[in-house]
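Participant: sequence first, predicted model second:
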Amino acid sequence: MLRRALFALLIILAAAYSYAQTQPLVNAIEVKGLKRIEEGAVKAKIAQKIGQPVAQEKINEDIKTIFKMGYFDDVKVEIEAFEGGVKLIYIVKEKPTIIKVDFQGNKQIEDSKIREKISITSGSIADTVLIQDNASKISKFYEEEGHWLTNVVPVVKKATEDEVTLTYQIDEGDKVKVKNIIIEGNKALSSGKIKGAIETKEWWIFSFFSSTGYYKKDRMDADVEKVRNLYYNNGYLKVVVAEPEITVDNKAMTIKLRVSEGDQFRVSSVDISGNKIHDNASINKLISLAPNSVFMKNVLEKDMQAITELYSKNGYALATVLPNLVPDEQNRTVKVNLAIEEGDKYKIGRIEISGNTKTRDKVIRREIRLDEGETFDSTRLKRSYERINNLGFFEGVDMVPKPKYEDKTVDLDVKVKERPTGFLSVGGGYSSTDRFIATADITQGNLFGRGQYIKVKGELGGRSSFYEITFRDPWFLDSPYSLSTGIYRTSREYIEYDKRAFGFFLGFGRALEEYWKGDITYNFEIADIYNVDDTAATLIRDQEGKSTTSSITPTVVRDSRDNYLDPSRGSRNALSLTLAGLGGSNGFFKSTVDSAWYFPWGSSTFMFRGRLGYATEMFGKKLPLYERFYLGGISTIRGLGFGEAGPRDNSGDPIGGTSELIFNSEFIFPIVQEMKLKGLVFFDAGNAYEGFDHLGKLRYTSGIGVRWISPLGPMRLEWGYNLDKKPGESSSKFEFAFGSFF
């Protein structure tokens, strides 16, 4: 049996050898039809070699391999006699080149953003698979942006024999609204608390202005991490949050988040290691995470940041704190070890400024609280950022420390992006105090890039008019002294009289310390009291006619707010004293104390403000009516009319007081963060009195409001409710203001 099998195998091998010897040898290989593709690239794929007998199987395989290169529409092989053997001629037809890639129908997403997501460009081969694959990428991108009903169709048009254009026809469809967000598996934390922690929200009316009511993949991915962190912050170290399950039905989306909470862990101990510069006692003072307390990731991160800042504000710019968590699942506790890598002490190297196409370098440099060669200090670095940002000249400020390990220095790259600081406005508006207003305003907040401010403004309202020219130089003659000057003309209708005035002022100031500054201002004003009612109080009638005021006002301010326009932390405290009577017909002393404090709470802010004022006549002269304290309105006690919180004459009309006491409290929260639109709830209390001896009962109001940092400036709309309504007063008031917040 074995002999027969061996005999059969020999016969087969002999036959195969005899067949191969009868096939002609390949003496040459040629590739025809190439225009852009290198011949060597094609030949490298050919398995049939010169000197070998022609093999049909190899030729068939070569055709398949060349097709797989993706460059050709057609591949065929011809054989012709050549020098005693044969020549194999591979004839190819190249696919056309794409000379242009366009998009049509896209309105919600710009061309540039779509191009970032695709791999096909001008010069690419018009490969069907590649074209369709990129159509899928576009659809996927739209899906990630909330457009789940998008349809993308590629259209290829012949331009020449070897060139085509490619257009992706995009039917974006409507965005799919998030109708329901369902949380499953949660027991320890409520669904409401979890929903409150994520940025993706169920659709509501303000979703027209933001995208929170629509699905975005990047945001949803971040939300999954936020849910994890929420559980970590409540001690659930083993929490598992699954990928969101998304279903779409008739343009409405349901997002389902599944949570496996696990057990809650408590802290067994907190240890530190690696510290040499600072002893354990100094570091332990900064640690809030305590043994036997529920583990909280956010508290741990704050502790790590506090330790890092302890080092970085003393020159250790690269100090790091690495947490090592050792959970004990049986006892449901976790041991925390904070490993400190102190690093070396660094100094400030070069400070480079870029992006300031208009603003001069010196305007930015004088706000930087670090000098080249000084020891690195993260606290002063942060303060430098706040000061540059508070200039109001830039859309963005980025301060990038770049350590140089070899010489132990940190170069500081200050990158800014200029924004328009000029403002030209001719238009109208409405104020709850002055009714309809016509305005013309030309303002330049960064004159010639020097940081100087100039303003020319005219305002005509139903009850008042105001015209001014103001100039301010925060660094007069490149010195640390500021200069401010201006002239103005104003008129106003009060309840029982009218006033018109013309004046000018001149002031000088100087920074005293990091957060402190002082200034002194001289003001001269000519005023006229006219149209006095016959029934007006004697106090008013006695001041009818023209008078002059020559006053000097020193002011001291401490301002540590992180952002002057929209603060979230810090405080502003001011004391001003005005003395008039050294010249002029009016003589008085007037002082005010103003203190406002801001406390962050997540993305919201608490604000508490108190004001105390006092005024009295001096030198045997009069205290002008318009220098008295009139409380009531959007800038003092909201919900009350002008002067309603204070003394009145025999007719019941407000006449202002010689002292004031005001308290304001606010809770400010974001409505649409992208628009810088915020809401607030407030409570006000205060009153004006005749002297300090009469300080006593307060008037109370509360209400709600909306604030918007618009492209033209801050805008306020607030409704106040009078909690202690008096005869003749309204129970509530809507008030509107443009230009500044509290």
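Facilitator: Noted; the coordinates are in hand. Residues are numbered from 1 along each chain as shown.
Participant: helix, strand or coil: sort out residue 59 for me.
Facilitator: Secondary structure assignment for residue 59 (DSSP: H, G, I helix; E, B strand; the rest coil): helix.
Participant: any idea how far residue 372 is from it?
Facilitator: 73 Å (Cβ to Cβ, to the nearest Å). Every residue, glycine included, has its C-beta placed from N, CA and C.
Participant: those two: which is more packed in?
Facilitator: Just comparing residue 59 and residue 372: by other Cβ atoms under 10 Å the higher neighbour count belongs to residue 59, 17 against 12.
Participant: could you find the closest non-adjacent residue to that one?
Facilitator: Counting by Cβ to Cβ, 6 or more residues apart in numbering, residue 77 is the residue found nearest to residue 59 once chain neighbours are left out, at 5.3 Å.
Participant: spit out the contact partners of the one you found.
Facilitator: 59, 62-63, 88-91 (Cβ atoms under 8 Å, 6 or more residues apart in numbering).
Participant: and it, how far from residue 44?
Facilitator: Taken as Cβ to Cβ, the spacing of residue 77 relative to residue 44 amounts to 17 Å.
Participant: same question, residue 248
Facilitator: Distance, residue 248 to residue 44, using Cβ to Cβ: 48 Å.
Participant: between those two, who's got more neighbours?
Facilitator: Residue environment comparison for residue 248 versus residue 44 gives the larger neighbour count to residue 248, 15 against 9, counting by other Cβ under 10 Å.
Participant: quick one: neighbours of the nearest residue to the more buried one once chain neighbours are set aside, just the number.
Facilitator: Residue nearest to residue 248 in three dimensions, not counting chain neighbours: residue 148, with 5.1 Å by Cβ to Cβ, 6+ apart. Per other Cβ under 10 Å, the neighbour tally for residue 148 reads 19.
Participant: so residue 148 is in which element?
Facilitator: Assigned by DSSP states H and E, residue 148 belongs to no helix or strand.
Participant: about what we covered before: report the beta-bridge partners for the residue nearest to residue 59.
Facilitator: Legend: beta-bridge partners of residue 77 under DSSP bridges are residue 90.
Participant: surely residue 356 touches residue 364?
Facilitator: Yes. Counting by Cβ atoms under 8 Å, residue 356 sits close enough to residue 364 to count as a contact (6.3 Å).
Participant: identify the contacts common to those two.
Facilitator: residue 416.
Participant: quick one: strands adjacent to the helix or strand that contains residue 551?
Facilitator: Counting by DSSP H and E, the secondary-structure element that holds residue 551 is strand 545-559. Taking DSSP bridges as the criterion, strand 545-559 pairs within the sheet with strand 516-530 (antiparallel), strand 570-584 (antiparallel).
Participant: before we move on, back to that, so between residue 356 and residue 364, which is more surrounded?
Facilitator: Neighbour totals were compared for residue 356 and residue 364, and residue 364 leads with 23 against 18 (other Cβ under 10 Å).
Participant: leaving out chain neighbours, which residue sits closest to the more buried one?
Facilitator: Ranked by Cβ to Cβ, 6+ apart and with sequence neighbours excluded, the top spatial neighbour of residue 364 is residue 353, at 5.4 Å.
Participant: gap between that neighbour and residue 273?
Facilitator: For residue 353, the distance to residue 273 equals 40 Å [Cβ to Cβ].
Participant: and these two? which has more neighbours close in?
Facilitator: In this comparison of residue 353 against residue 273, neighbours counted by other Cβ under 10 Å, the higher total goes to residue 353 at 19 against 11.
Participant: wait, is that one part of a strand?
Facilitator: Yes. Residue state for residue 353 (three-state DSSP) corresponds to a strand.
Participant: hmm, it is touching residue 414, no?
Facilitator: Yes. The pair formed by residue 353 and residue 414 meets the contact definition of Cβ under 8 Å, at 4.7 Å.
Participant: low pLDDT regions in the stretch 351-500 of the chain?
Facilitator: When residues are selected by pLDDT under 70, those of the stretch 351-500 of the chain lie in 425-437, 462.
Participant: repeat the analysis, applying 50 as the threshold.
Facilitator: 430-432 (pLDDT under 50).
Participant: mind jotting down where the helices sit in it?
Facilitator: With DSSP state H, counting those that start in this stretch as the definition, the stretch 351-500 of the chain shows helices at residue ranges 361-365, 378-390.
Participant: same list (the ones you listed) but as TSV, adding distance to residue 459.
Facilitator: Supplementary listing: these in TSV, determined by distance: least, Cβ to Cβ, whole Å:
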stretch	distance to residue 459
helix 361-365	30
helix 378-390	26
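Participant: and of these, who's closest to residue 218?
Facilitator: Nearest of the helices of the stretch 351-500 of the chain to residue 218, taken as Cβ to Cβ: helix 378-390 at 26.2 Å.
Participant: for the closest one, buried residues please.
Facilitator: Within helix 378-390, the residues that qualify as buried are 378, 380-381, 383-390, counting by 16 or more other Cβ atoms under 10 Å.
Participant: likewise stretch 193-205?
Facilitator: Result for stretch 193-205 [16+ other Cβ under 10 Å]: buried residues 194-195, 197-198, 200-203.
Participant: which members of these occur in helices, if any?
Facilitator: Mapping the buried residues of stretch 193-205 onto helices (DSSP state H) picks out 194-195, 197.
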